[in-house]
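> no sequence for this one, just the structure:
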């Protein structure tokens, strides 16, 4: 009898969430991402580079801003990207929902392009921050930051809260 109880307990343990996902985050996301501006307005987009999943706004009822409609193979996936503006007073808080077949072999590209105020001009191309994020494993992103045209771009990985912060200045 104890042998069967142990077997049932072991099988049930397979279905309990593990620390790979933050159980206190809404929308079944496994990470939270905050995109913010230190100075000025920035036109912001998030794009999947491989695998299928959704990027949803956590502070607006899990509304998707990036969704993928799977095709018969990855080359036929249709990606819908919604751009948002961030300012020092308005941070974009999003989460990454894993797709049905996603296995953390995923990468995302965050782009933040400075929006000039009305009447403002500049001598060079617009300041741009590009953040390439690939998953090495749960809560272990590999990140590359590209600062273009005088932009200052920072990334902070808060492992304890599974929160990633992207800042543009």
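It's in. Predicted model, so just to flag it, every value in this text is computed and none were measured. Numbering: from 1, shown residues only.
> residue boundaries of the strands in this structure?
Secondary structure of the chain by DSSP state E: the strands cover 32-37, 41-50, 53-57, 63-69, 78-81, 84-86, 92-98, 107-115, 128-137, 140-148, 153-158, 163-168.
> which stretch among the ones you listed comes nearest residue 26?
Between residue 26 and the strands of the chain, the tightest spacing by Cβ to Cβ is seen for strand 92-98, at 7.4 Å. Quick note: C-beta positions are derived from backbone N, CA and C, even for glycine.
> For the closest one, buried residues please.
92, 94, 95, 96, 97, 98 (16 or more other Cβ atoms under 10 Å).
> Give me the helices and strands touching that strand, please.
strand 32-37, strand 53-57 (3 or more Cβ pairs under 8 Å, 6 or more residues apart in numbering; DSSP states H and E).
> got the contact list for residue 113?
Counting by Cβ atoms under 8 Å, 6 or more residues apart in numbering, residue 113 touches 42, 43, 44, 126, 127, 128, 129.
> And for the closest residue to residue 152 other than its chain neighbours, the neighbour number?
Distance criterion Cβ to Cβ, 6 or more residues apart in numbering; nearest residue to residue 152, sequence neighbours excluded, is residue 169 at 4.2 Å. When neighbours are counted by other Cβ atoms under 10 Å, residue 169 registers 19.
> go on, residue 135?
Residue 135 has 21 nearby residues by other Cβ under 10 Å.
> what do you get for residue 137?
Residue 137, neighbours per other Cβ under 10 Å, totals 9.
> now it, which residues is it bridged with?
residue 140 (DSSP bridges).
> returning to what we had before: which of the contacts of residue 113 are buried? Put it as a PyMOL command.
Applying 16+ other Cβ under 10 Å to the contacts of residue 113, the buried members can be selected in PyMOL as follows:
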select buried, resi 42+44+127+128+129
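> just curious, which of the contacts of residue 113 is nearest to residue 33?
Using Cβ to Cβ, residue 44 comes nearest to residue 33 of those, at 10.7 Å.
> I figured that closest one was touching residue 33, is that so?
No: using Cβ atoms under 8 Å as the test, residue 44 is too far from residue 33 to be in contact (10.7 Å).
> ok, residue 157 to residue 142 distance?
10 Å (Cβ to Cβ, to the nearest Å).
> Looking at those two, which one has more neighbours?
Using other Cβ under 10 Å as the criterion, residue 157 and residue 142 rank with residue 157 on top: 15 against 11.
> May I have the beta-bridge partners of the spatially closest residue to that one that is not a sequence neighbour?
Nearest non-adjacent residue to residue 157, counting by Cβ to Cβ, 6+ apart: residue 164, 5.7 Å away. Beta bridges link residue 164 to residue 33, residue 157, judged by DSSP bridges.
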